[in-house]
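>>> could you work out the structure for the sequence below:
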Amino acid sequence: MTDTRKTALIVGASRTLGLGLAAEYLRRGWDVIGTVRGNRRTGLHDLAEASEGRLTVESLEMTEPEQISALGDRLAQRTLDLLFVNAAITRGDIPIGEVPTDMFTEVMVTNALSPMRVVESLRPLVAPTGTIGVMSSDQGSIALNTEGGQDLYRASKSALNQLMRSYAARYAEGKRTLLLMDPGWVRTELGGPDADLSVEESVPGVAETIESRRGVPGLHFLDHQGHDVPW
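Numbering: from 1, shown residues only. Prediction:
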């Protein structure tokens, strides 16, 4: 087990991959802060009750900038070894020319802009040699897009990747590890029932890959097996 004093903040931890990551880091001996939207009861609350105080649940609607700032204020006395943003939506496989403007805006704000707002706002909480990661996807890879489909989702993840790369360039002198993580094709609401991996199969690899790059500065785009993903 790793040092029990290490702390991870998992943004978007109410279910599936986020919830799985919260559970995995608890298993590894970390303290965990997990966020959920609103005040509804989730699996994260159940996990917190069984955690003997090692998991704290915070409320965050990350598309609301004032809520991100408020979370930063509440956590101002904490030092994070890992800040990981896990949040994304899809609105179906619609050709881009048929996507309504409000749908385009919703997906881009949720999948690209809001995660970066979290990263920018909460970065002061992360230890100087800590890790900042966001959940991306191989569907955000331009090089791997040889079949098309899922135009809007792909575009939102490519935008996230580009924004994270700009962030990395802005703080190029820093010593933090920066990660874009592809969890694989996972059986979630996003991945669908025919996906290759269960959450339980994906999450340990994601966590192990994150840990394997701890202390290695710069930006890395990796899959759940630790392999580089083409941009």
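>>> remind me, longest helix of the protein?
Secondary structure of the chain per DSSP state H: the longest helix is helix 151-170.
>>> who does that helix touch, helix- and strand-wise?
Applying 3 or more Cβ pairs under 8 Å, 6 or more residues apart in numbering; DSSP states H and E, one finds that helix 151-170 contacts helix 101-108, helix 114-122, strand 177-182, strand 218-223. To be clear about C-beta, it is placed using only N, CA and C from the backbone, and glycine gets the same treatment.
>>> that helix to strand 177-182, inter-axis angle?
For helix 151-170 against strand 177-182, the angle by axes from the mean of the first three to the mean of the last three Cα atoms, to 10 degrees is 170 degrees.
>>> hmm, back to that, out of the helices and strands packed on helix 151-170, deepest packed?
Ranked by mean neighbour count under mean count of other Cβ atoms under 10 Å, the helices and strands packed on helix 151-170 are led by strand 177-182, which reaches a mean of 24.
>>> what comes into contact with that one?
The contact list for strand 177-182, computed with Cβ atoms under 8 Å, 6 or more residues apart in numbering, reads 129-138, 140, 160-161, 164, 167-168, 206, 209-210, 213-224, 229.
>>> what about 7 Å?
131-138, 161, 164, 168, 206, 209-210, 213-224, 229 (Cβ atoms under 7 Å, 6 or more residues apart in numbering).
>>> how about that strand as PDB, C-alpha atoms only?
The C-alpha trace of strand 177-182 is given here as PDB (Å, rounded to 0.1, in the frame of the first residue of the first chain):
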ATOM      1  CA  THR A 177       2.900  15.300 -13.700                       C
ATOM      2  CA  LEU A 178       0.100  16.100 -16.200                       C
ATOM      3  CA  LEU A 179      -2.000  13.300 -17.600                       C
ATOM      4  CA  LEU A 180      -4.600  12.700 -20.200                       C
ATOM      5  CA  MET A 181      -6.000   9.200 -19.500                       C
ATOM      6  CA  ASP A 182      -7.800   6.900 -21.900                       C
END
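>>> residue 35 is nearest to which of the helices and strands packed on helix 151-170?
Nearest to residue 35, of all the helices and strands packed on helix 151-170, is helix 114-122, at 9.2 Å by Cβ to Cβ.
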